[in-house]
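[1] fold the following.
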Amino acid sequence: MTKPTEVRCLDCDRKLKTSVSRARHIGEGCWRKRQAEARARSALVPLPGFTRHGDLAGLDGPSLLDQLTEDGPHAS
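    Numbering: from 1, shown residues only. Below you'll find the predicted structure:
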């Protein structure tokens, strides 16, 4: 059986030991870090004035309708 060629992590340059890590060129620790960062970037951000589950109010803050007057948005 031939010895696998040495593959190093693209992030930290450590020698990779598992076949999965060698296939992705990313070590287990660096892979977990990348996954955590991706989950943090894709987390939902609540928008002011919107409800999330139908019964929960969004963040308090000004609404786009607050700037309107009875005569219209540009009436003075």
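[2] who's in contact with residue 8?
    Going by C-beta atoms under 8 Å, 6 or more residues apart in numbering, residue 8 touches 14, 15, 16, 25. For every residue, glycine as well, the C-beta is placed using N, CA and C.
[3] what's the local residue count around residue 44?
    6 (other C-beta atoms under 10 Å).
[4] nope, residue 16 is what I was after
    Neighbour tally, residue 16, other C-beta under 10 Å: 21.
[5] does it touch residue 4 like I think?
    No. With contacts counted by C-beta atoms under 8 Å, residue 16 stays clear of residue 4, the gap being 9.3 Å.
[6] need the residues touching each of these two.
    Shared contacts of residue 16 and residue 4 (C-beta under 8 Å, 6+ apart): residue 22.
[7] show me where pLDDT drops low in the protein?
    1, 46-76 (pLDDT under 70).
[8] which stretches in it count as helices?
    19-24, 28-41 (DSSP state H).
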